[in-house]
Structure formats: C-alpha cells, structure tokens
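Peer 1: After the sequence you'll find the predicted model.
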Amino acid sequence: MRGRHRFRTAVAVATAALLCGGTLSGCASETPEAAAPGAGSTPPPAPASPPSPTSRWDVSPASVAAVGDSMTRAFDACSVLSDCPEASWATGTDTAVNSLAVRLLGPEKAATHSWNLARTGARMAELPEQMAGAAAEEPALVTVMMGANDACRATPDLMTPVEDFRASFEAALARLWAGAPKAQVYVASVPDLKHLWSTGRLSPMGLKVWKLGICGAMLADAEDLGPAAERRRAAVRDRVVAYNEALAQVCAGDARCRYDDGAVFAFRFDGSQLSPWDWFHPSKDGQARLAELAYRRITEE
C-alpha cells in the first residue's frame, strides 16, 4: 500500500519427497533349475515400504521476523500519516492487536525475539533486500505480506508484471535461506483491493482522502460506476489474483514455506477494520484480524 505523501499503500503446500528406489533384476534361462528359487539364484528382496511422510514445519517457532510494506508497519492504524509498529499484526506489542509474535512467543519474549523489517511503500522488488536483513537475525519464522503496492500504482499500466513479481519473490526466498537455511516462511496473500474500494467508497471521509492520490489504479474516481472505470478496477483485481497465484505456486515448492491459502485476500474488511484516516489500511481491529489469520495457519498441525 502507498505511503506518506501519497499514502504509501498497500499452500503453502508442504511436500514430502518419497524416494523409494531399487532395481529388481531377473535372468531369463532356458533351464528350469536356473528359474527355480534356491537353485543358485538369489530371490529379489521384497519391495521396501515407502517412508511415512513427515512435515518439517514447526508450529511453535521461537522467533519471528516480519518483512513487507505498510500493512506490516501498521501505517495509519494509530495516527494519521504515521507508521505504528506497536500495532503491527506481525510483531506489535499493543494488547488490542495481540500480534502473531505475542501469540507465539508471549509478550516478554516477543520484545526480544521479533523484528519488524517491513517498509511503508515497499514493492516486491525490495523483498530480497528485506529478506537478507531478516536472515541476519536467524529467525525461526519470517512473515511476508507484500504486493499491494505492486498493484496500487497511479494507473494499471504501471503495475508490476507478474513474472517480475514472481522472480523477485523467488530471489527473496533464496536470499533468506542462503543466510538462514532453517527459517520457515509464512506468506500472506495480497488483499482484495477491489473489496477495500467497495467498502471505503461508502464513507464520505474515504472519498475525500482518496482524491489525494491513494492507489489511483483502483481508487481514482471512486464514485464512477461506468464501464471504463469498472474495467480498470477489474484489471487491478485480476493482477492481484495473479500475484497470489504466483505466491502460492512458489511457496508450494518448499516444505519450509506456508501460504495462507488466500485467507487475507478473502477477508472482508468492514468499516471498523479500516483506518479512520484513510479508509484503506487496516485499523487496530483490522491488524488483529490479520494476526488471527496468520496464527491459525502457522499453528496448523
């Protein structure tokens, strides 16, 4: 999501490789003795039972690093035009939010074993750099919420191409695991920006604020319901869907990565869960919902 001057706005499928190999050789012979068991030949071993699939996922990680954009910095959650990391869904300390780090680690440990490396206004191209910073902390878990700014451009033609988005995400995971090979990754889907538009446009305050230039590709001319405006919004939503497909596909390639199965995209933020200052970023209540969704997915057995 885009930031301060223009409001810098905003499954994992664990796979186990079952390797069962063996070559069973048989020798054809014209003599019955050669074909009979025990007549100088060794019977082939019984096929080995495939190993039971086991997940390497730890549902109780001991530390958390968060990367991403303004949603993870809790922009506009506490005051206008300001980050509020204490209200972050991922690492915040505000008891009204009950962040993921607090739920996993407890308040005291969360203060010393969690790091918020997100930046308001960041796009996916920045994620490899953020991941390198996260790797330096050697966290047990890294949370990723990134992509809204790639779609929230001034016009749809400026949105990040899907292949560039995918390549940056792949590079980011590689950077993390090069420095912290045991780290797990929780990947949140990009929120449904069109739903945010449909909710916020009912607020006179939201309409006024959006005219300052928040997420123009989706929110420009917010009251225009004509076909051209609807096609523009549909193009943005389609791109967000494509981003989420890329996140899911890349994450599915490693058992250390869990995608949220589209939970954030599907979440229907209402007015109380959006910032009263911009009607776009999550409020404290919205941040609490994001924390709940993440905790539920991360602690699934």
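Peer 2: Done, it's in. Quick caveat, the model's predicted, so the values are computed rather than measured. Numbering: from 1, shown residues only.

Peer 1: got the contact list for the closest residue in space to Gly216 that isn't next to it in sequence?
Peer 2: Closest residue to Gly216 in three dimensions, ignoring its sequence neighbours and counting by C-beta to C-beta, 6 or more residues apart in numbering: Ala154, at 4.4 Å. Using the backbone N, CA and C atoms, a C-beta is placed for each residue, glycine as well. When contacts are counted by C-beta atoms under 8 Å, 6 or more residues apart in numbering, Ala154 touches 213, 216-217.

Peer 1: By the neighbour-count criterion, which of the residues you listed qualify as buried?
Peer 2: Buried subset of the contacts of Ala154 (neighbour count, 16 or more other C-beta atoms under 10 Å): 216-217.

Peer 1: Out of the contacts of Ala154, flag the one nearest to Gln249.
Peer 2: Proximity of the contacts of Ala154 to Gln249 was ranked by C-beta to C-beta; the top entry is Ala217 with 23.8 Å.

Peer 1: could you say what helices and strands the host helix or strand of the closest one packs with?
Peer 2: According to DSSP states H and E, Ala217 maps onto helix 216-219. Using 3 or more C-beta pairs under 8 Å, 6 or more residues apart in numbering; DSSP states H and E as the contact criterion, the secondary-structure elements in contact with helix 216-219 are helix 193-200, helix 227-251.

Peer 1: which residues of the stretch 51-200 of the chain fall in helices?
Peer 2: Taking DSSP state H, counting those that start in this stretch as the test, the helices found in the stretch 51-200 of the chain are 70-73, 100-105, 107-112, 127-136, 148-151, 162-179, 193-200.

Peer 1: Adding distance to Gln287, mean neighbour count and mean pLDDT, write those helices out as TSV.
Peer 2: Formatted as TSV, the entries for the helices of the stretch 51-200 of the chain read as follows, by distance: least, C-beta to C-beta, whole Å; neighbours: other C-beta atoms under 10 Å; pLDDT from 0 to 100:
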stretch	distance to Gln287	mean neighbour count	mean pLDDT
helix 70-73	8	30	98
helix 100-105	10	24	98
helix 107-112	15	13	96
helix 127-136	19	21	98
helix 148-151	15	28	98
helix 162-179	23	18	98
helix 193-200	15	20	95
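
Peer 1: Reformat the ones you listed as JSON lines; add distance to Leu207.
Peer 2: Shown next, in JSON lines, are the helices of the stretch 51-200 of the chain (distance: least, C-beta to C-beta, whole Å):
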{"stretch": "helix 70-73", "distance to Leu207": "20"}
{"stretch": "helix 100-105", "distance to Leu207": "33"}
{"stretch": "helix 107-112", "distance to Leu207": "38"}
{"stretch": "helix 127-136", "distance to Leu207": "32"}
{"stretch": "helix 148-151", "distance to Leu207": "20"}
{"stretch": "helix 162-179", "distance to Leu207": "30"}
{"stretch": "helix 193-200", "distance to Leu207": "8"}
